[in-house]
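Enquirer: got a sequence here, can you model it:
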Amino acid sequence: MVVWVRNITVDSKDAYSQAQFWSELTGWPIDPDNVPGDAECLVAPTHPLPFDAPISGLLFVQVPEGKVAKNRIHLDLSPTDRTRDEEVVRLQALGAMIVGDHRTPDGRGWVVMADPEANEFCVERSTAERGIG
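Expert: Got it, this is the predicted structure:
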């Protein structure tokens, strides 16, 4: 291995609120050292990630400016215990918005969503829906 991606860092208007949203989305806890108002908040798994993924977590860093353009990088998410469509409904209840719907009649495709600060991410089919595993 040449490098290890320690964290994926996301600029945020409110780092703690973003950490709360992504904690609910991923099931990863907010670092216990973080409290509301912190300029940096880490959301990290307490258990090993599948496939020995070399990432520690998501780090939200407070910045003064808001998001002004489309993300240049985004996460592709695949639910582990529900369908893609059920996950989309769950994430909407957490405050995510649908930005683009690329589902097809045959069940393939994905949904582009945005978190409460408009950072895009995609929700793909689960491995069960893709016939994997």
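
Enquirer: how about the helices in this structure?
Expert: 15-26, 84-94 (DSSP state H).

Enquirer: and F121, what does it touch?
Expert: F121 makes contact with 74-77, 112-115 under the criterion C-beta atoms under 8 Å, 6 or more residues apart in numbering. Where C-beta positions appear, they are placed from N, C-alpha and C, glycine not excepted.

Enquirer: what's the nearest residue to the residue positioned nearest the centre of the chain if we skip its chain neighbours?
Expert: Nearest to the geometric centre of the chain sits W22, at 5.6 Å (C-alpha atoms, centre = their mean). Nearest non-adjacent residue to W22, counting by C-beta to C-beta, 6 or more residues apart in numbering: V43, 5.0 Å away.

Enquirer: ditto for R6
Expert: Nearest in space to R6, with sequence neighbours left out and distances taken as C-beta to C-beta, 6+ apart, is S56 at 5.1 Å.

Enquirer: any low-confidence regions in the protein?
Expert: Across the chain, the ranges flagged by pLDDT under 70 are 1, 48-55, 133.

Enquirer: how about 90 then?
Expert: By pLDDT under 90, the low-scoring segments of the chain are 1-7, 45-57, 65-73, 80, 127-128, 130-133.

Enquirer: in it, which spans are strands?
Expert: 7-12, 40-43, 57-62, 75-77, 97-101, 111-114, 120-123 (DSSP state E).

Enquirer: please convert those strands to JSON lines, extending it with distance to I132.
Expert: JSON lines is the format used below for these (distance: least, C-beta to C-beta, whole Å):
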{"stretch": "strand 7-12", "distance to I132": "24"}
{"stretch": "strand 40-43", "distance to I132": "26"}
{"stretch": "strand 57-62", "distance to I132": "25"}
{"stretch": "strand 75-77", "distance to I132": "15"}
{"stretch": "strand 97-101", "distance to I132": "23"}
{"stretch": "strand 111-114", "distance to I132": "19"}
{"stretch": "strand 120-123", "distance to I132": "16"}
